[in-house]
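In: With the sequence up front, the predicted model follows.
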Amino acid sequence: MTSGLRKTHKIIWILLLIAVPVLLMFSIHSIKEPLLTDSDVLISEKVSGQRTVLENDTFYISIKEQNSSNALQVILKKPLKTASSILYGITPSNGDGNYLGTLSKKGIYQFEVDKSTKSIRIYDDIKKNNIINIAL
């Protein structure tokens, strides 16, 4: 290495030594939502009128009977292996189902469903197949 290359090499390493920790700090502070850990997705105590529909290692699904509509709570304990998971509420009059929302990552999801909803379906929109059908 010539003296000019050594000097440039030293300056670049000093700049990297300063820039990398600063950029790392900014990237950590730019995260908008809190990260959920396994202890954050623990099941809370049952509320009166709340009924457990399904509980396994991936899902905890419960429904709470209310006056005008029902409150559906879906807790994903582990992320699903599908990239696009859509939740539908199935009523006797609508076989395809009413769109309720999407399930994307581990966490707690809450939906309002009609009293006439008899089951829910989690559907993979990319592969066009059902992941699970659950009777309420």
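Out: Good, I have the coordinates.
In: Find the residue at the geometric middle of this structure.
Out: What sits nearest the mean C-alpha location of the chain, by C-alpha atoms, centre = their mean, is Lys105, with 2.5 Å.
In: Could you count how many residues lie near the closest residue to it other than its chain neighbours?
Out: Computed as C-beta to C-beta, 6 or more residues apart in numbering, the closest residue to Lys105 that is not its neighbour in sequence is Pro79, at 5.6 Å. Where C-beta positions appear, they are placed from N, C-alpha and C, glycine not excepted. Using other C-beta atoms under 10 Å, Pro79 has 13 neighbouring residues.
In: Kindly report the same for Lys118.
Out: When neighbours are defined as other C-beta under 10 Å, Lys118 has 12 of them.
In: in terms of contact, does it touch Asn94 like I think?
Out: No: between Lys118 and Asn94 there is no contact under C-beta atoms under 8 Å: 10.4 Å.
In: did I read that right, Pro79 in a helix?
Out: No: per DSSP: H, G, I helix; E, B strand; the rest coil, Pro79 lies outside any helix segment and is coil.
In: what's the spacing between it and Leu5?
Out: Pro79 is 48 Å from Leu5, where distance means C-beta to C-beta, to the nearest Å.
In: Determine how far the lowest-mean-pLDDT helix or strand in the chain lies from the middle of the whole chain.
Out: Ranked by mean pLDDT, DSSP states H and E, the weakest helix or strand in the chain is strand 50-55, scoring a mean of 85. Centre-to-centre, strand 50-55 and its host chain are 19 Å apart (C-alpha atoms, centre = their mean, to the nearest Å).
In: now swap in stretch 14-33 and tell me
Out: Offset of stretch 14-33 from its chain centre (C-alpha atoms, centre = their mean): 27 Å.
In: what's the neighbour count on the spatially closest residue to Asp114 that is not a sequence neighbour?
Out: Spatial nearest neighbour of Asp114, excluding adjacent residues (C-beta to C-beta, 6+ apart): Ser69 at 6.0 Å. Neighbour count for Ser69, taken as other C-beta under 10 Å: 14.
In: So what does Ser69 have for phi and psi?
Out: phi -150, psi 170 (degrees, to the nearest 10).
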